[in-house]
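Colleague: Coordinates only, no sequence provided:
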């Protein structure tokens, strides 16, 4: 088949044939990649005849009504945009206003239809639109833009690493509530951003990465505080004493975090408490199950079967891969989700009661692995033989394959975006905001064919207006802030589109450079953004300025050029930043003196650099400013090294001080003097 024919077919389905790489150069996508990606979208491009047939089918689809409609409020009547989107006269349409509830079981949220022209306008939210004689389809009227959040600052933390003297070896939801209350009450913080709390495996081994969950729709019972569950007080005294001893043993463990040990201990306690519920009637639990619709039952069934067959459903017996109905164990997993819902609500309530204007900001991962709960529940929505990743960039020059299965954009649209809507509603229900990891997930994703190098992938386009509409409507309903992590290789207009909808971007200090490669002065930073110094994929400030990330990547074989060249670039860029801080009168010591000390690996100026960088953030116009809790206590180790799995203890590093000694949540008030980094951020009395 000719290249032009294949290119036109790829264009019909939103598959890029060319893209601009991180150096600004145009790169062509190989025909083999295009054929493989199209096959994953259900499009046969294996022969010229097949491609021609698919092209004609595509033209027929373009003439048909879309499976769902998303329009934005704004200038003029919404009805005009509905008419434009469908290419139909309004007299042909009827609408059932507010009849499409996201969490109601499909097919149960119907309402009386009335002529669309009879309405002055259509309110925001989900509706049913009937085009006479053709289709009955979901319609979303999304807000024009989200409200601006107040200008404030907050901590960013990996919750599992922030342990207290009462948690069971991992930070939990009571720790989250206490951290939020302390940082608001004593430090004046307006929000607390934490890692994704998505559901993990129900059986060991429990994957360490919060960004590679089994489900983004549900949460992980690992974060439950056992003693805060109502059933705990009902346990016999002997059981409570036994579990207290288990918890003490977990707290006494030194070194890396051990999720498997924590899960084994908590599971024993969960099961003991669940047995107490036999025969009870609990209307609140039944209401929770009704609200979560059939999706909760499907997820609980996956958990129950996984306990017997393993967590990768592709390896289950064929009779179970399409299992339906109930399982004796499913109620247990539904109960755990109910208790999680209660503790998540309590954490947000504690944050707001302590004075936070925003509260807890949860993180939404970009995807789930192959064989996970979500890919089982929504199997037809996922593209087979594909993984999500990233093309080569400055910090990952071999590209990345995250091992996560992408959603098919056409299948999402055909389903009225229901799984996406449910997921965003679930994460926002008890939150003041959400951070969208890899914000490009609402616009395009880098698909890597099975067995190919990450560099041999291509971008697949999603309906950005529709996904952003779904996201902003849920945020509007809950009065929440949305932050998009728009770092790395970003489409030219994405940042402007996000800003136009009130979605904040992410300004990462080390990446904020002008076209000449010079650090941006504070006045040049974006206002609509969350500004931070670093990210969880980089070492904390102290580790970064000492070049720990270069030594680590060299040791792991991740560098694509000589280490000396990497170190020379690092010194140049760091010197530029220190010079700007000095010129802004934020860094008392001359940069040459600091660089000499760093060359000798001396820590003399570490605290001065940390304080100066955060004072710099306070001078930017960014509405939200994030301070890593790891930076505040002097931690030097990174949480995650991209491009590795077991080569580095990713996501297993507990919060510690500069000497590597554990810092508990209980210790934070005692180290408040170190938090001089906050002086520029605390509200003036």
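Modeller: Looks like it arrived, so ask away. Keep in mind that what you see is a predicted model, and the values were worked out from it rather than measured.
Colleague: contacts, neighbours, all on C-alpha from now
Modeller: Fine.
Colleague: need the next SSE after the top helix by length along the chain, C-terminal direction.
Modeller: Longest helix of the chain, by residue count under DSSP state H: helix 330-353. Later in the chain than helix 330-353, the nearest helix or strand by DSSP states H and E is strand 359-364.
Colleague: That following strand pairs with which strands?
Modeller: strand 191-194 (parallel), strand 433-436 (parallel) (DSSP bridges).
Colleague: Nearest to residue 523 among the ones you listed would be which one?
Modeller: Set against residue 523 and scored by C-alpha to C-alpha, the strands paired with strand 359-364 come closest in strand 191-194, at 23.3 Å.
Colleague: got the contact list for that closest one?
Modeller: The contact list for strand 191-194, computed with C-alpha atoms under 8 Å, 6 or more residues apart in numbering, reads 152-159, 180, 184, 351, 356-363, 432.
Colleague: count of neighbours near residue 285?
Modeller: Neighbourhood size, residue 285 [other C-alpha atoms under 10 Å]: 15.
Colleague: so it touches residue 336, yeah?
Modeller: No. Using C-alpha atoms under 8 Å, residue 285 is not in contact with residue 336, being 10.5 Å away.
Colleague: what about residue 382, distance to residue 157?
Modeller: Residue 382 sits 31 Å away from residue 157, going by C-alpha to C-alpha, to the nearest Å.
Colleague: Show the residue spans covered by the helices in the stretch 251-400 of the chain.
Modeller: 259-275, 283-291, 293-309, 318-321, 330-353, 373-377 (DSSP state H, counting those that start in this stretch).
Colleague: Okay, buried residues for the first one please.
Modeller: Neighbour counts using 16 or more other C-alpha atoms under 10 Å place 259-263, 265-267, 269-270, 272-273 of helix 259-275 among the buried residues.
Colleague: quick revisit: and the direction of the longest helix of the chain versus that of helix 293-309, what angle?
Modeller: Helix 330-353 runs at 120 degrees relative to helix 293-309, counting by axes from the mean of the first three to the mean of the last three C-alpha atoms, to 10 degrees.
Colleague: any idea of the mean pLDDT in helix 330-353?
Modeller: Helix 330-353 comes out with an average pLDDT of 98.
Colleague: Repeat that for stretch 4-20.
Modeller: For stretch 4-20, the mean pLDDT works out to 92.
Colleague: Start at 48, not 1
Modeller: With the count now opening at 48, the last piece we talked about shows up as stretch 51-67.
Colleague: ok, and what's touching that stretch?
Modeller: 73-78, 81, 84-85, 92, 98-99, 101-102, 105, 505-509.
Colleague: what do you get for stretch 372-391?
Modeller: 220-221, 265-268, 270-271, 276, 321, 332, 335-336, 343-344, 347-348, 350-351, 477.
Colleague: Can you flag the buried ones in the residues you listed?
Modeller: Buried by 16+ other C-alpha under 10 Å: 220-221, 265-268, 270-271, 276, 335-336, 343-344, 347-348, 350-351, 477, out of the contacts of stretch 372-391.
Colleague: Ramachandran coordinates for residue 66?
Modeller: phi -150, psi 160 (degrees, to the nearest 10).
Colleague: go on, residue 674?
Modeller: Main-chain torsions, residue 674, degrees, to the nearest 10: phi -120, psi 120.
Colleague: Now do the same contact list for it.
Modeller: Residue 674 sits in contact with 200-203, 579-580, 661, where contact means C-alpha under 8 Å, 6+ apart.
Colleague: what about 6 Å?
Modeller: Residues near residue 674 by C-alpha atoms under 6 Å, 6 or more residues apart in numbering: 202-203.
Colleague: roughly how far apart are it and residue 399?
Modeller: 19 Å.
Colleague: can you check residue 326 too?
Modeller: 37 Å.
Colleague: Of these two, give the one with the bigger neighbour count.
Modeller: More neighbours surround residue 399 than the other of residue 326 and residue 399, with 20 against 7 (other C-alpha under 10 Å).
Colleague: What about the spatially closest residue to the more buried one that is not a sequence neighbour, how many residues nearby?
Modeller: Among residues not flanking residue 399 along the chain, residue 406 sits closest, at 5.7 Å (C-alpha to C-alpha, 6 or more residues apart in numbering). Residue 406 has 31 neighbours, counted by other C-alpha under 10 Å.
Colleague: Over to residue 717?
Modeller: When neighbours are counted by other C-alpha under 10 Å, residue 717 registers 8.
Colleague: Can you name the element that comes right after the helix or strand containing residue 599?
Modeller: According to DSSP H and E, residue 599 maps onto helix 595-602. Next along the chain after helix 595-602, taking DSSP H and E as the criterion, comes helix 610-630.
Colleague: Pull out the buried residues from that following helix.
Modeller: In helix 610-630, counting by 16+ other C-alpha under 10 Å, buried: 613, 617-618, 620-629.
Colleague: So which elements touch that helix?
Modeller: Contacting helix 610-630 under the criterion 3 or more C-alpha pairs under 6 Å, 6 or more residues apart in numbering; DSSP states H and E is no other helix or strand.
Colleague: now with 10 Å?
Modeller: Other elements packing on helix 610-630 under the criterion 3 or more C-alpha pairs under 10 Å, 6 or more residues apart in numbering; DSSP states H and E are helix 588-592, helix 595-602, helix 638-646, helix 653-666.
Colleague: Output the ones you listed as TSV; include the columns mean pLDDT, mean neighbour count and distance to residue 283.
Modeller: Formatted as TSV, the helices and strands packed on helix 610-630 follow (pLDDT from 0 to 100; neighbours: other C-alpha atoms under 10 Å; distance: least, C-alpha to C-alpha, whole Å):
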stretch	mean pLDDT	mean neighbour count	distance to residue 283
helix 588-592	95	22	48
helix 595-602	93	16	50
helix 638-646	95	15	58
helix 653-666	93	21	50
